[in-house]
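# build me a model:
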Amino acid sequence: MSREETRNQTVSRRVMLTSTALALGAAATGAAAVRAQAQQKISQANAKYQDHPNGTQQCDGCIQFQAPNACKIVEGPINPKGWCQFFGAKS
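From the prediction side, this is the model:
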């Protein structure tokens, strides 16, 4: 292989690696934007939130509950004894 062919392969490899890195960076930026959108909370009305339990199900027993009075997915203050349709029991 001539010196010129080796140089062309090195340049091509460099261009490919740079292009791949840029594509991965763009994909990561896109994923971050999706996560930011996914972090928008649902209104209490849309979650069918109520400030009292549904049988034995209540917010402080839910995986989404954040003490003392918040939820990862429902907006606004949350009563620890409340409930919504997205209840998921802690294990």
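
# from here on, contacts and neighbour counts on C-alpha atoms
Fine.

# wait, is residue 60 part of a helix?
Yes. Counting by DSSP: H, G, I helix; E, B strand; the rest coil, residue 60 falls inside a helix.

# which positions within stretch 69-85 qualify as buried?
70-71, 73-75, 78-84 (16 or more other Cα atoms under 10 Å).

# what's residue 84 in contact with, if anything?
Taking Cα atoms under 8 Å, 6 or more residues apart in numbering, we find residue 84 in contact with 47-50, 59.

# okay if I get the residues you listed as JSON lines plus secondary structure?
Formatted as JSON lines, these follow (three-state DSSP):
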{"residue": "47", "secondary structure": "coil"}
{"residue": "48", "secondary structure": "coil"}
{"residue": "49", "secondary structure": "coil"}
{"residue": "50", "secondary structure": "strand"}
{"residue": "59", "secondary structure": "helix"}
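
# any idea which helix or strand comes after the lowest-mean-pLDDT helix or strand in the chain?
Sorting the helices and strands of the chain by mean pLDDT, DSSP states H and E puts helix 3-38 at the bottom, at a mean of 57. Per DSSP states H and E, the first helix or strand lying C-terminal to helix 3-38 is strand 65-66.
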